[in-house]
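Undergrad: Got a sequence here, can you build the structure:
(chains A and B)
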Amino acid sequence: MNAANVWLIPFAPLIASLSILLLGKSRRAIASAPAIAGQVIALTMSIFAFARTLRAPGYREVHNFVWFNFGDQSMQLGWMIDPLAAAMLLMITFVGLCIFVFSIGYMADDKHFTRFFAYLSFFSAAMLGVVIANSLLLLFICWELVGLASYLLIGFWIERPSAAAAARKAFITTRIGDMGFFLGILLLYHKSDTLLFYDNGHGCLENAGLLLLGASATAIALLIFCGAVGKSGQFPLHVWLPDAMEGPTPVSALIHAATMVAAGVFLVARLYPIFSAGAINGVTTSLTIVVWIGVITGLIAALIAVAQFDIKRILAYSTVSQLGLMMVSLGVGGVTAGMLHLLAHGFFKALLFLGAGSVIHGAHHEQDIRGMGGLRGAMPITFATYAAGMMALSGVPLVFCGAWTKEEILHAAWRWPVSHVPFYLVMLGVVLTALYMTRQMIYVFDGKRGPAAHESPRVMTTPLIVLAACTVVLSVFLTPAWPWLDHYLLGERAHVDLWKIFDQTILISLLLVGAGIGLGVFFYREALRGRRQDPFQTAQPALFRFLANRMWLDELYDYTVIRAARMLSRIADWLDRYFWDGLVRLVGLLGQLFGIITKTADERGINSGVDETTVGARGLGRVVSSAHSGQIQTYLGAIGLGMLALLLLYAWLA
Amino acid sequence: MITALILIPLFGVVMLYLANPRNPRRIAFVTNAVSAFYALMLWQKFDVDLAKVQLIERHTWIPSIGAEYALGADGLSLLLVFLVTILFPFAFAANRMNRGFYALMLVMQSALYGVFTAQNFILFFLFYEMSLIPSFLLIKLYGGKKRDYAAVKFFLYTFLGSVAMLLGFLGIYFARSTFDFAQLVDLAKTGPLVTGRFAWFVFAGIFLGFAVKVPLFPFHTWLPDAYETAPTGVAMVLTGALSKMGVYGFIRLLVPLFPNEFRILQPWLLALVVVSILIGALVAWAQTDLKRMVAYLSINHLGYCLLGLFAIASARSTMAKIDMHAALSGVFLQIFNHGITAAALFYFVGLLEQRRGARGLNDFGGLMQRAPVLCAWMSVAMFSSLGLPGLNGFIGEFLIFKASFAVAASFTAVAVLGLLFTAVTFMRAMKSLFSGPPNPATNAIVDLRAGEKFVLVPVTLLMFVVGLNPQIVLKVFNSTVVALAAVFA
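TA: Numbering: from 1, shown residues only, chains lettered A, B, ... in the order given. Below is the predicted model:
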């Protein structure tokens, strides 16, 4: 699988998607087969691509070609494989495959089973395209297709108005960010004359290209970051992500783990040379902004998650919060840490969402955690795997992959020369994460037996087990003792150093996670024994309401930006209907008046002229309609007069 | 050679009246097929690698006023000939009408071929007016509600524009005694065609003529009424082909002939076009009538064409070659893509109107469950129109923005908002039409019929093919772009 053939990886699910659409509704039974096959083929090819990158540390291979010529210029596109792309390819295809398999069970009863798999495959193809792109234009194209796919999938149950609204919100909110991204592309193209990332020393991410950018690198980076803010659900454009839960649960897993939200973080990592261009001590204006956006997002989302009752919404906010964490990591200079957390997050968040799907499926489409409880007995596999996912997300040290990557982010944040505030806020975020995940576990699985529930079929539990195993296995490659993945992405060779495990921060993170889980158990377990009122809600009703209503950010946007835009469009419409058109009618009336005067002067019936005036209000049509029915000579006369005037004007001016 | 192309539709008109068939549409289609065959033959003879005007026919006509019968085609002309050839059968497929309708449409088709190939102003103007009269009659005789008002408004507006343009050209003729395009362009390279303040009157006249036709804000108020009331097929041709006469005039005449005026007016013209782009999209968002919505979006999309042109016109000497080529290529692509996509949107609105008897945004709902195939295909056209990458709309807009950003970054940054508002408009339309529980009033709506699919397959394929491989359109006019860029620089 060399760079020239790497396009086959997104092509496989794309073909799968098309063939499912062509099969049509009638072949329901085999509709999932092409999707699974496409994903398996993509996974196999990704493994080969990954193997190729192991040849040398920091291996990179590109393949560029001319897409089209305009005038005598040409527009080039290209694809590539490097450690960043290969690791993402593996994660997307593997996690995607698990989600696809799970969907066979989850969507079994759905009317539009075939369409669902067609969309899933398309989604996967678009995301794989983002990853292998060696051109910002190609990346943007696939990026927009990811947006389209998410629009289709979030609004999959189109008969539900809420789903349609959520789909629209996702598309428009991300497109707001994409307008910034688009301008960033234009500025970059203008400055560097190429959109290829790597091109034998002439690409825009290579030294010569970066030098061309000069001082505008900051503006380019920030504009492009707008796109990442939209797609990766960063504050203030994060509002679409929790609403995206309207889609079927496997879609949520796909959006929140393997594909869409990963795209923004990936984008920043891919374009890191632009973000860090001209850095002093690893700090640039653009990166500092990335850090603060990440910090704000991470904290806000973690706080909101504590006060949610929808099982999927809690996970959604946790995603937003984790993405903030990744942005912090990228911003403070921990690119590999951020990317590793993205990869690890892909696994355990897919696990959690699929687990939530299994719970919803087993609990007869109940999504409110207050309506659950005691599911541990009824759904043992779901419980065990969910617990693994929860511990990975919370960052329970040693055996779960999320812990090591979180640790590394903390390290990076501590080393940031600008300020230590992000470090402390990230620590707070870690405590909150452990807290709300414990809360969710207790609500869902602990306590008295809730309503009747059943364990999900094998086709759904198997992906859960596989993903849970992965969260543990992956940690082997992430330990500080043998940080193989870390060095793979950095392009170095890894060394074994067992002592590194016992770093001082491991104690800190043990303490933080312990505090979070401990507090969670302390608050919720006791409180939930008796009544089902949330203890936090009892203690701080006002604050709880503030958080439960998502800080009223949606309402704020509704009343400000959306209202204003809507108003603008109404005003524009009104002006168009009455003002501009009114002006035109006025001119028309003046013309009419002129016509009447000439008529009078011609003494062709003064009476009719008066009549004309009285019916003049009927519009400008009258005189003209009489004119076009034969009196072309009037026009010719007008032209003649105009020519005369022109001649006079010419003689006078020239 | 080209004369034959112009005569074929007129021959069709004669056939319509001689044969007096029961199904006049069949004769119209046959005529279109012959035209298409002929257009392909032209392409065969045309050498895309040559930059100059080809397939020239030149005869003396009225030597006393310098009016020659001069026809010819370069890449841009050929592109527009193709566009017209594709659009007319598509438009015929939209409505079943009587003989007079097809006769008028064919006259219009003939006139359009003439406009896009004429090499002399008098001939150009003749064809220009020849397209105006049938379109006026088509609206007036076959339109919906308010047709008298809309037709007269349309006629007055465009006629006043034409008169202004004619006077402008007469002004040039007084000064330079030629109507030949190539000669005028050569003369303009050596110095201003008309000197002094008089030049401004000439410029204003010609500008007005083309600005009304495109239309450019604030000369656009004829458009919503005309498009709203015109029968589907006519609306398709009005937006797809007739509006391009204005853009074509800007490219062929205004921009090359008036470098000074454009340079001086640069900020004003750019502001006007940005307003046009934004107003088009914003007002479209506020419409509840689908046809009016699509009509306003046409103003928005043609605004991008003018943005590219004004960017070139105002900074031609300082512009980098890559930007110049990007702007011209983008504008040409946008001409073609808007023609296809806007026509398709009107066609879909027509389908919905035929089925439901109404075309308000709120007259539908839950269509996805009644007619999924119709919804899916209509969505393709909508996504194409909102500039989704992978479909045809994106590349042209990208190239235009690339160029205009280099020249006028702040104007472009505002204009990009147009893309956002277009998306908002379509998202709203899709939500109210397709989603939600089915509206009982739409119970009788049937999905796409085989005949309609037959019409839509080629058009939809074209959207995908041009989106994925724009080279097939670009190669028609790449040499022309190089030549025009040299003229402008």
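
Undergrad: In a helix, B:Ala70, correct?
TA: No: using DSSP: H, G, I helix; E, B strand; the rest coil, the assignment for B:Ala70 is strand, not a helix.

Undergrad: do you know how far it is from B:Pro9?
TA: Look at B:Ala70 and B:Pro9: by CB to CB, to the nearest Å, they are 20 Å apart. Heads up, the C-betas are built off the backbone N, CA and C, glycines and all.

Undergrad: Tell me how many other residues crowd the residue of the stretch 301-450 of chain A found nearest chain B.
TA: Using CB to the nearest CB, A:His365 is the residue of the stretch 301-450 of chain A that sits closest to chain B, at 18.8 Å. Residues near A:His365, counting by other CB atoms under 10 Å in any protein chain shown, number 7.

Undergrad: Regarding it, which helix or strand does it belong to?
TA: Counting by DSSP states H and E, no helix or strand carries A:His365.

Undergrad: Please report phi then psi for it.
TA: phi 60, psi 30 (degrees, to the nearest 10).

Undergrad: Over to A:Asp368?
TA: Dihedral angles of A:Asp368 (phi, psi; degrees, to the nearest 10) stand at phi -80, psi 120.

Undergrad: show me the contacts for the residue nearest the centre of chain A.
TA: A centroid search over chain A (CA atoms, centre = their mean) returns A:Lys231, at 2.4 Å, as the residue closest to the centre. Applying CB atoms under 8 Å, 6 or more residues apart in numbering or on different chains to A:Lys231 gives the contacts A:Trp143, A:Val146, A:Gly147, A:Thr174, A:Gly177, A:Met260, A:Val261, A:Ala263, A:Gly264, A:Leu267.

Undergrad: Please flag which of those sit within helices.
TA: Among those, the members falling in helices (DSSP state H) are A:Trp143, A:Val146, A:Gly147, A:Thr174, A:Gly177, A:Met260, A:Val261, A:Ala263, A:Gly264, A:Leu267.

Undergrad: From those, list the ones also adjacent to chain B.
TA: Among these, none lies close to chain B by the criterion of CB under 8 Å from any CB of the partner chain.

Undergrad: Closest one to A:Val62 out of these, please.
TA: A:Val62 lies nearest to A:Leu267 out of these, by CB to CB, at 17.9 Å.

Undergrad: ok, that closest one - how many residues close by?
TA: Counted with other CB under 10 Å, residues neighbouring A:Leu267 total 22.

Undergrad: right, and it touches A:Ala228 too?
TA: Yes: counting by CB atoms under 8 Å, A:Leu267 does reach A:Ala228; the two are 4.9 Å apart.

Undergrad: check contacts around the residue of the stretch 301-450 of chain A closest to chain B.
TA: Neighbours of A:His365 in contact, by CB under 8 Å, 6+ apart: none.

Undergrad: By pLDDT, give me the weakest of the contacts of A:Lys231.
TA: Lowest-confidence member of the contacts of A:Lys231: A:Met260, scoring 82 (pLDDT).

Undergrad: Wait, that residue touches A:Met127, no?
TA: Yes: assessed by CB under 8 Å, A:Met260 is found in contact with A:Met127 at 7.3 Å.

Undergrad: Name the residues contacting each of these two.
TA: Common neighbours of A:Met260 and A:Met127 (CB under 8 Å, 6+ apart) are A:Val146.

Undergrad: so who does the residue in the stretch 51-200 of chain A positioned nearest to chain B touch?
TA: Relative to chain B, the nearest point of the stretch 51-200 of chain A is A:Gly71 (2.7 Å; CB to the nearest CB). Counting by CB under 8 Å, 6+ apart, A:Gly71 touches B:Lys321, B:Met324, B:His325, B:Ala326, B:Leu328, B:Ser329, B:Asn478, B:Val481, B:Val482, B:Ala485.

Undergrad: Apply the buried test to the residues you listed and list what passes.
TA: Neighbour-count burial (16 or more other CB atoms under 10 Å in any protein chain shown) applied to those gives B:Met324, B:His325, B:Ala326, B:Leu328, B:Ser329, B:Asn478, B:Val481, B:Val482, B:Ala485.

Undergrad: quick one, strands of the chain?
TA: Just going to use chain A. Under the criterion DSSP state E, chain A contains strands at A:61-70, A:73-81.

Undergrad: wrong one, chain B
TA: Using DSSP E, the strands of chain B run over B:54-62, B:67-73.

Undergrad: Can you say which of these is nearest to chain A?
TA: In terms of CB to the nearest CB, the element of the strands of chain B nearest to chain A is strand B:67-73, at 15.5 Å.

Undergrad: quick revisit: any idea how far the residue nearest to the centre of chain A lies from chain B?
TA: A:Lys231 sits 15 Å away from chain B, going by CB to the nearest CB, to the nearest Å.

Undergrad: again, but for A:Glu492
TA: Distance of A:Glu492 to chain B, given as CB to the nearest CB: 36 Å.

Undergrad: who touches that residue in this structure?
TA: Neighbour list for A:Glu492: A:Pro57, A:Gly58 [criterion: CB under 8 Å, 6+ apart].

Undergrad: swap the cut-off to 7 Å and go again
TA: Taking CB atoms under 7 Å, 6 or more residues apart in numbering or on different chains, we find A:Glu492 in contact with A:Pro57.

Undergrad: From A:Phe48, how far out is it?
TA: According to CB to CB, A:Glu492 stands 23 Å off from A:Phe48.

Undergrad: for B:Met97, same thing?
TA: Taking CB to CB, one finds B:Met97 at 60 Å from A:Phe48.

Undergrad: neighbour-wise, which of those two wins?
TA: Set side by side, B:Met97 and A:Phe48 show more neighbours around B:Met97, with 20 against 15, by other CB under 10 Å.

Undergrad: Quick check: chain neighbours aside, which residue is closest to the more buried one?
TA: B:Tyr142 (6.5 Å; CB to CB, 6 or more residues apart in numbering or on different chains).

Undergrad: OK, contacts around residue 335?
TA: Chain wasn't specified; assuming chain A. Counting by CB under 7 Å, 6+ apart, A:Val335 has contacts A:Ala269, A:Tyr272.

Undergrad: nope, chain B
TA: B:Lys244, B:Val247, B:Cys305.

Undergrad: same thing but 6 Å
TA: By CB atoms under 6 Å, 6 or more residues apart in numbering or on different chains, the contact list for B:Ile335 reads B:Lys244, B:Val247.

Undergrad: Quick check: it vs chain A, distance?
TA: B:Ile335 is 14 Å from chain A, by CB to the nearest CB.

Undergrad: Run through the residues of the stretch 1-150 of chain A sitting next to chain B.
TA: A:Phe68, A:Asn69, A:Phe70, A:Gly71, A:Asp72, A:Gln73, A:Ile141, A:Glu144, A:Leu145 (CB under 6 Å from any CB of the partner chain).

Undergrad: Could you pull up the contacting residues of the residue of the stretch 551-654 of chain A found nearest chain B?
TA: Across the stretch 551-654 of chain A, no residue is closer to chain B than A:Asp573, which sits at 3.6 Å (CB to the nearest CB). By CB under 6 Å, 6+ apart, A:Asp573 lies in contact with B:Val283, B:Ala286.

Undergrad: And for the closest residue to chain B within the stretch 401-550 of chain A, the neighbour number?
TA: In the stretch 401-550 of chain A, no residue comes nearer to chain B than A:Arg550, which is 21.9 Å away by CB to the nearest CB. For A:Arg550, the count of nearby residues is 21 (other CB under 10 Å).

Undergrad: now swap in the one 3 residues further on and tell me
TA: Under the neighbour criterion other CB under 10 Å, A:Leu553 is assigned a count of 15.

Undergrad: How much space separates the nearest residue to it once chain neighbours are set aside from A:Thr174?
TA: Excluding the flanking residues, the one nearest A:Leu553 by CB to CB, 6+ apart is A:Val239, at 6.0 Å. Separation of A:Val239 from A:Thr174 (CB to CB) stands at 11 Å.

Undergrad: Counting neighbours around each, name which of those two comes out higher.
TA: Between A:Val239 and A:Thr174, counted using other CB under 10 Å, A:Thr174 has the larger neighbour count: 28 against 18.

Undergrad: burial measure for the nearest residue to B:Phe217 once chain neighbours are set aside, as a count.
TA: Excluding its sequence neighbours, the residue lying closest to B:Phe217 (CB to CB, 6+ apart) is B:Ser276, at 3.8 Å. Counted with other CB under 10 Å, residues neighbouring B:Ser276 total 27.
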